[in-house]
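Undergrad: sequence-free structure coming up:
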């Protein structure tokens with residue numbers, strides 16, 4: 001077994017708020033992102049209660065996750 005750090009196939013993303021200069025208010029973003037991506041944005045804060053584990057390959061190059069609507073949901 002190698003001592004190399006293993007990268008998980010999943011990552012935790014969060015909803016977050018960003019400052020909107022047009023309205024001068026914090027607005028909830030339309031996507032989720034990793035904590036690292038959120039902290040690299042200016043005037044942004046993650047919303048801890050919104051954590052979701054997603055496949056790492058579902059992130060874009062900036063660490064953001066956008067859910068793709070499929071039109072299918074779970075049956076109850």
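TA: Perfect, I can see it now. All figures in this text were calculated on a predicted structure; none of them were measured in a lab. Residues are numbered from 1 along each chain as shown.
Undergrad: Residue 52 contacts residue 13, correct?
TA: Yes: the criterion here is CB atoms under 8 Å, and residue 52 meets it with residue 13 at 5.6 Å. For glycine as for every other residue, the C-beta is placed from the backbone atoms N, C-alpha and C.
Undergrad: Identify the contacts common to these two.
TA: Contact criterion CB atoms under 8 Å, 6 or more residues apart in numbering; residues bridging residue 52 and residue 13 by contacting each: 32, 65.
Undergrad: higher neighbour count, these two?
TA: The neighbour count for residue 52 versus residue 13, taken as other CB atoms under 10 Å, is higher for residue 13 (24 against 12).
Undergrad: what's the average pLDDT for the one helix or strand residue 11 maps to?
TA: Assigned by DSSP states H and E, residue 11 belongs to strand 10-13. Strand 10-13 shows a mean pLDDT of 96.
Undergrad: Flag every buried residue along stretch 56-64.
TA: 59, 63-64 (16 or more other CB atoms under 10 Å).
Undergrad: Please flag which of those residues sit within strands.
TA: Mapping the buried residues of stretch 56-64 onto strands (DSSP state E) picks out residue 64.
Undergrad: Please identify which of the buried residues of stretch 56-64 is nearest to residue 29.
TA: Using CB to CB, residue 64 comes nearest to residue 29 of these, at 8.4 Å.
Undergrad: show me the contacts for the most centrally placed residue in the chain.
TA: Among the residues of the chain, the one closest to the centroid is residue 33, at 1.9 Å (CA atoms, centre = their mean). When the contact criterion is CB under 8 Å, 6+ apart, the partners of residue 33 are 13-14, 16, 46, 62-65.
Undergrad: at 10 Å instead, please
TA: With contacts defined as CB atoms under 10 Å, 6 or more residues apart in numbering, residue 33 is in contact with 11, 13-16, 39-41, 44, 46, 59-60, 62-66.
Undergrad: Report the strands that pair with the strand holding residue 11, each with its relative direction.
TA: Strand 10-13 has its sheet partners listed here by DSSP bridges as strand 52-55 (antiparallel).
Undergrad: quick one: contacts of the partner strand?
TA: With contact meaning CB under 10 Å, 6+ apart, strand 52-55 is reached by 8-15, 32, 34, 65, 67.
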